[in-house]
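S.K.: got a predicted model here, sequence first, then my questions.
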Amino acid sequence: MQAALVPYCGAPVAPGRIAAAWNLDPILLAAAIGLLAAYAAGVRRADPGRRRRAAFYLGWTIATLALVSPLCRLSVSLFSARVGQHMLLELAAAPLVAYGRPWRVYEALLRLDLPAAPPRPLLAAGIFAVALWYWHAPLPYDLTFTSDAIYWCMHVTAFGAALLLWTGLQDGLEQAPASTVGAGILSAAQMTFLGALLTLAPRPLYAPHALTTAAWGLSPLDDQQIGGLIMWAPGCLAFAAISILGLVRAMRRADAAEAALA
């Protein structure tokens, strides 16, 4: 009965043992290696280009390390570590993987011919916001510590929503920069708001960390505030940056159209 209550990444870990606390789940490793091998095979049929290949491989490496490194085990002890893991996946790995165009590569590998969908950055931003807020609400967050299925549902849906968003933002820069500006502003605003709520909350919100932070010299509220800041600053900066880039692209497009009419 007790074993069933151990979170997916394992029991909380003490500082002196964190270096050896790797997550070598064979199913996770097999899935990660399988996706990598499939991409490598797919690029032989539909090579997206050297830069896109490099971006995918780097994003795959970051995502895999976020899930198998001691950060996984540390995220059982500290809310801030769990948020850090999420930000690595959603703000570092996801844009790199998205830039590598894996769906087109896998499509070529499977000999499919699916129509290209137009970019919808605002819709993708809304889906990402729902996923982010849902999995950081106290009850769904707590449930990820009681069920491996719920834990992986969190990661798959959150990372999938991030991939969808970054794909929409990247495609939007080329085809609909004004939409990218709006989606970037929406994403920056909602991550800033959620990060601020977590940072400024007067009490700790997450029961799984009530007794696990003291070994790391933190109170549960201190840990939550650090997690809120980790979400607040990087999220705001990343999406504000792409909004500015989209604005520059939109202004250049407007100037080019005006010059063509002159």
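M.R.: That came through fine. Numbering: from 1, shown residues only.
S.K.: helices or strands up against the helix or strand containing Leu169?
M.R.: Taking DSSP states H and E as the criterion, Leu169 maps to helix 148-175. Counting contacts by 3 or more CB pairs under 8 Å, 6 or more residues apart in numbering; DSSP states H and E, helix 148-175 packs against helix 94-99, helix 121-135, helix 138-143, helix 177-200, helix 220-261. Where you see a C-beta, it was placed from the backbone N, CA and C, and this is true even at glycine.
S.K.: any idea which residue sits dead centre in the chain?
M.R.: Residue closest to the mean C-alpha point of the chain, counted by CA atoms, centre = their mean, is Glu90 at 1.5 Å.
S.K.: excluding its backbone neighbours, what's nearest that residue?
M.R.: Ala162 (3.9 Å; CB to CB, 6 or more residues apart in numbering).
S.K.: and if you look at Ala201?
M.R.: That would be Gln224: by CB to CB, 6+ apart, it lies 6.6 Å from Ala201.
S.K.: for that neighbour, what are its contacts?
M.R.: Shown in contact with Gln224 (CB atoms under 8 Å, 6 or more residues apart in numbering): 79-80, 198-199, 201, 204-206, 209.
S.K.: select, out of the helices and strands packed on helix 148-175, the one closest to Arg111.
M.R.: helix 94-99 (22.2 Å; CB to CB).
S.K.: using CSV, list the CA coordinates for that closest one.
M.R.: Provided in CSV are the C-alpha atoms of helix 94-99 (Å, rounded to 0.1, in the frame of the first residue of the first chain):
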residue,chain,number,x,y,z
ALA,A,94,9.8,23.0,-26.5
PRO,A,95,10.9,25.9,-28.8
LEU,A,96,14.0,24.0,-29.9
VAL,A,97,12.0,20.8,-30.7
ALA,A,98,9.3,22.8,-32.4
TYR,A,99,11.9,24.5,-34.6
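S.K.: pLDDT on it, on average?
M.R.: Helix 94-99 comes out with an average pLDDT of 97.
S.K.: counting by contacts, list what that helix packs against.
M.R.: Checking 3+ CB pairs under 8 Å, 6+ apart, helix 94-99 ends up next to helix 50-68, helix 148-175.
S.K.: as JSON lines, those with distance to Ala250 and mean neighbour count would be great.
M.R.: Converted to JSON lines, these look like this (distance: least, CB to CB, whole Å; neighbours: other CB atoms under 10 Å):
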{"stretch": "helix 50-68", "distance to Ala250": "24", "mean neighbour count": "18"}
{"stretch": "helix 148-175", "distance to Ala250": "9", "mean neighbour count": "19"}
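S.K.: turn the ones you listed into JSON lines, including distance to Ala21.
M.R.: Shown next, in JSON lines, are the helices and strands packed on helix 94-99 (distance: least, CB to CB, whole Å):
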{"stretch": "helix 50-68", "distance to Ala21": "11"}
{"stretch": "helix 148-175", "distance to Ala21": "17"}
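S.K.: can you add mean pLDDT and distance to Pro26 and give those helices back as a markdown table?
M.R.: Converted to a markdown table, the helices and strands packed on helix 94-99 look like this (pLDDT from 0 to 100; distance: least, CB to CB, whole Å):
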| stretch | mean pLDDT | distance to Pro26 |
| --- | --- | --- |
| helix 50-68 | 97 | 11 |
| helix 148-175 | 95 | 14 |
